[in-house]
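>>> Could you look at this predicted model? Sequence included:
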Amino acid sequence: MASRSYINYTKPHLKGKLESNPFSFLHIINPDFYLPKKVSNHHIKYKMVKEKFLDFLQKGYFYKKEEAAFYLYKQTKKGKEYSGIIAGASVNDYLSGKIKIHEHTLTKREKMFETYLEQTGFNAEPVLMTHPESGKLKSVKEKVTSIRPEFDFTTTDYVQHQFWIIDKPGLVKVITEEFTKFNALYIADGHHRSASSSLLAKDSRKLDDDSLGINYFMTLFIDESELNILPFNRLLSSIKPFTEDEFLEKVKEQFYLVEAIGTEFNGPSKHHEIGMFLGNSWYLLKSKISDEDEKHPTKRLDTQILSDKVFKTILGIIDIKKDKRVRFVSGTEGIKPIEKQVNKGTAKVGFALHGLNINDVKKVADANMVMPPKSTWIEPKLRSGMVIYEL
């Protein structure tokens, strides 16, 4: 039933999934897939999503647990384990700033998701949020995972998913009390989902009634030590008006440049090193950063340095999210996709970045600042439809 995020499916892939699996959550979020013409009216589409969800409920595909409970979710991917507690995050904590952000959200998308939530009435994918290390929560997780999980399955991408129900009063009490001790929680992934949930509760003027489901949004709370923060690498389709040699000279003005190191390169080994693949060879760029900028939450980030020193200063690229010359590549696949795209000619130059750590993220969030776009690829990535939270 659980699916990857809908944006990860091409049309032929989606068609195959829908035709081969009548239970997939993809049927709910693509209720118009088999219609002759795709539904363009959002209100009609969201109503169809709600109807399909109710159809799944009526057929018994979903099991609703009436008693209050926490849930423990564990994911194992390539030998790395992630485990966290699924619960409701408080809208009031989000609005007061106790739940901290490190990304900008777009008002248009916030409103669109708010309308979606209002009309469908459920969360289907948890926001990923991180908390400080906690020995007590770790002990709870060890105790819970010592028994057989409620469900345990492996998806076709070789990721194992396990799930336990936590409803014993003693364990519920420990979890609840432990969370009251945290001064701040940090959103790792799901900024728009958090913002739209909070907007819906605020616009509904129900914030004074803490018992209502609308004042919470479904969240996976994970220990910050378990997060895996990978880089988002960059590709540029053009370096015009410069030739490769001219561009290289311009880069040398902005960085300490280690000369060509061939293709035997595995990526930057530390902060303030950036790999650049140009003309079938890797170069290592070392940042020239002042002591003052090193203390700044965002100016010290390699993503910001690359944007300022190369994209903006040399090529005049102001908005890396909107400029069509810029593409982003997840660091999950290492640096080989950069070499492949440049060698194929679909990109002119590629940049490999070193991953940030959780303290980099927290410094930005604590300073009420935001990171440059696509600064982090954070795992675990969560499935849709594995848990449904009705608002």
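Yes, it's here.
>>> for the lengthiest strand in the chain, which positions count as buried?
For the chain, the longest strand by residue count, based on DSSP state E, is strand 80-90. Of all the residues in strand 80-90, those buried under the rule 16 or more other Cβ atoms under 10 Å are 82-90. Bear in mind the C-beta positions are built from the backbone N, C-alpha and C, glycine included.
>>> got the contact list for the residue lying closest to His42 once chain neighbours are set aside?
Leaving out its chain neighbours, the residue that sits closest to His42 by Cβ to Cβ, 6 or more residues apart in numbering is Thr115, at 6.5 Å. Applying Cβ atoms under 8 Å, 6 or more residues apart in numbering to Thr115 gives the contacts 42-43, 46.
>>> How about Lys362?
Lys362 neighbours (Cβ under 8 Å, 6+ apart): 100, 186.
>>> how about it, secondary structure?
Recorded secondary structure, Lys362: helix (DSSP: H, G, I helix; E, B strand; the rest coil).
>>> Next one, pLDDT for the residue nearest the centre of the chain please.
The centroid of the chain falls nearest to Asp189 when counting by Cα atoms, centre = their mean (3.5 Å). Note on Asp189: pLDDT of 92.
>>> what sits against it?
Applying Cβ under 8 Å, 6+ apart, we find Asp189 in contact with 127-128, 378, 381-382.
>>> If it is in a bridge, with which residues?
Partner residues in beta bridges with Asp189, using DSSP bridges, are Leu128.
>>> Now do the phi/psi pair for the residue nearest to Phe25 when sequence neighbours are not counted.
Spatial nearest neighbour of Phe25, excluding adjacent residues (Cβ to Cβ, 6+ apart): Gly385 at 2.7 Å. With angles defined as degrees, to the nearest 10, Gly385 sits at phi 80, psi 0.
>>> I'd say Gly385 and Arg4 touch.
No: using Cβ atoms under 8 Å, Gly385 is not in contact with Arg4, being 10.0 Å away.
>>> Mind giving me the packing neighbours of the longest strand of the chain?
Using 3 or more Cβ pairs under 8 Å, 6 or more residues apart in numbering; DSSP states H and E as the contact test, the elements touching strand 80-90 are strand 70-77, helix 135-144, strand 216-223.
>>> Can you give the strand pairings for it, parallel or anti for each?
The strands that strand 80-90 pairs with in its sheet are strand 70-77 (antiparallel), strand 216-223 (antiparallel) (by DSSP bridges).
>>> For the first one, C-alpha coordinates in PDB please.
By that I understand strand 70-77. Output of strand 70-77 as PDB, limited to C-alpha atoms (Å, rounded to 0.1, in the frame of the first residue of the first chain):
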ATOM      1  CA  PHE A  70       2.600   6.500  19.700                       C
ATOM      2  CA  TYR A  71       4.100   4.400  16.800                       C
ATOM      3  CA  LEU A  72       7.700   3.400  16.300                       C
ATOM      4  CA  TYR A  73       9.000   3.200  12.700                       C
ATOM      5  CA  LYS A  74      12.300   1.700  11.700                       C
ATOM      6  CA  GLN A  75      13.900   1.800   8.300                       C
ATOM      7  CA  THR A  76      17.000  -0.100   7.200                       C
ATOM      8  CA  LYS A  77      18.700   1.000   4.000                       C
END
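>>> how much does it deviate in direction from helix 135-144?
80 degrees (axes from the mean of the first three to the mean of the last three Cα atoms, to 10 degrees).
>>> Off-centre distance for strand 70-77?
Relative to the centre of its chain, strand 70-77 is centred 17 Å away, using Cα atoms, centre = their mean, to the nearest Å.
>>> what does the last one give?
Taking the mean C-alpha point of strand 216-223 and that of its whole chain, the gap between them comes to 13 Å (Cα atoms, centre = their mean).
>>> same check, this time on stretch 195-212
Computed by Cα atoms, centre = their mean, the separation of stretch 195-212 from the middle of its chain amounts to 24 Å.
>>> which is the next helix or strand following the helix or strand hosting His27?
Assigned by DSSP states H and E, His27 belongs to helix 26-29. Using DSSP H and E, the helix or strand that follows helix 26-29 in sequence is helix 42-58.
>>> What mean pLDDT does that following helix get?
For helix 42-58, mean pLDDT is 93.
>>> and that helix, C-alpha only, in PDB?
This file holds the C-alpha atoms of helix 42-58, laid out as PDB (Å, rounded to 0.1, in the frame of the first residue of the first chain):
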ATOM      1  CA  HIS A  42      -7.900  21.500  -7.800                       C
ATOM      2  CA  HIS A  43     -11.100  21.500  -5.700                       C
ATOM      3  CA  ILE A  44     -12.600  18.800  -7.800                       C
ATOM      4  CA  LYS A  45      -9.400  16.800  -7.800                       C
ATOM      5  CA  TYR A  46      -9.100  17.000  -4.000                       C
ATOM      6  CA  LYS A  47     -12.700  16.000  -3.600                       C
ATOM      7  CA  MET A  48     -11.900  12.900  -5.700                       C
ATOM      8  CA  VAL A  49      -8.900  12.100  -3.500                       C
ATOM      9  CA  LYS A  50     -11.100  12.300  -0.400                       C
ATOM     10  CA  GLU A  51     -13.700  10.000  -2.000                       C
ATOM     11  CA  LYS A  52     -11.100   7.400  -3.000                       C
ATOM     12  CA  PHE A  53      -9.700   7.500   0.600                       C
ATOM     13  CA  LEU A  54     -13.200   6.900   2.000                       C
ATOM     14  CA  ASP A  55     -13.500   4.000  -0.500                       C
ATOM     15  CA  PHE A  56     -10.300   2.400   0.800                       C
ATOM     16  CA  LEU A  57     -11.600   2.800   4.400                       C
ATOM     17  CA  GLN A  58     -15.000   1.200   3.500                       C
END
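>>> Counting by contacts, list what it packs against.
Judged by 3+ Cβ pairs under 8 Å, 6+ apart, helix 42-58 is in contact with helix 26-29, helix 107-120.
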